[in-house]
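Student: Fold the following and give me the result.
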Amino acid sequence: MEQDFFVGYHNFAGKQRTLSRILEKLQGQDLPSIPSFKLYLQALRRRDVSACTLRTVFTGVHGFLVFLQKRGKISLSSLTVDDLEAFVESEQDRGLKPLSVRGRLHSIYAFLRYLLDRGMAPADVLARRDFDKVKVTQQRGL
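Tutor: Numbering: from 1, shown residues only. Purely as a prediction, here's the structure:
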């Protein structure tokens with residue numbers, strides 16, 4: 001009876017399973033800052049975020065890292081605001097709604113803040129956060 005209590009709201013096994021699947025997906029990939037991303041996901045797991053949050057963060061940050069790899073970036077130390085703006089534009093070109101792009105951008109910002117706190121990301125990227133309000137708007141009147 002006591003075990004049934006822990007299955008409901010705090011599904012620890014489900015969260016661990018989700019994290020394990022995500023880490024397996026990242027295992028063979030050669031993307032920039034994968035070790036840092038794995039540490040970030042494990043830190044989120046220690047903070048007891050939900051499995052859905054882990055999946056959402058993975059989708060946003062992984063998509064951004066793939067985008068950076070296609071742009072030829074091998075490290076996040078060379079990241080610029082232009083890279084973030086180009087990512088937003090590419091997500092909009094894919095047909096994502098502004099709210100979806102904004103959510104992914106917030107996941108990326110949280111990851112970059114985690115790296116910045118550990119000295120692994122440039123501070124100037126996070127200094128200007130106003131473009132997500134301006135450029136992540138839906139164009140009307142077409």
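Student: those helices in this protein, which residues are they?
Tutor: Along the chain, counting by DSSP state H, helices occupy 2-7, 12-27, 34-46, 51-70, 81-93, 98-117, 124-127, 131-135.
Student: Now mean neighbour count and mean pLDDT too, for those helices, in JSON lines please.
Tutor: The C-beta positions use only the backbone N, C-alpha and C, and glycine is treated the same way. Below are the helices of the chain laid out as JSON lines (neighbours: other CB atoms under 10 Å; pLDDT from 0 to 100):
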{"stretch": "helix 2-7", "mean neighbour count": "8", "mean pLDDT": "51"}
{"stretch": "helix 12-27", "mean neighbour count": "14", "mean pLDDT": "88"}
{"stretch": "helix 34-46", "mean neighbour count": "16", "mean pLDDT": "93"}
{"stretch": "helix 51-70", "mean neighbour count": "18", "mean pLDDT": "94"}
{"stretch": "helix 81-93", "mean neighbour count": "16", "mean pLDDT": "91"}
{"stretch": "helix 98-117", "mean neighbour count": "18", "mean pLDDT": "93"}
{"stretch": "helix 124-127", "mean neighbour count": "13", "mean pLDDT": "76"}
{"stretch": "helix 131-135", "mean neighbour count": "13", "mean pLDDT": "48"}
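Student: Check the chain and tell me which residue is nearest its centre.
Tutor: Per CA atoms, centre = their mean, the C-alpha nearest to the average position across the chain is that of residue 61, at 2.6 Å.
Student: dump the residue contacts of that residue.
Tutor: 37, 40, 107, 108, 111 (CB atoms under 8 Å, 6 or more residues apart in numbering).
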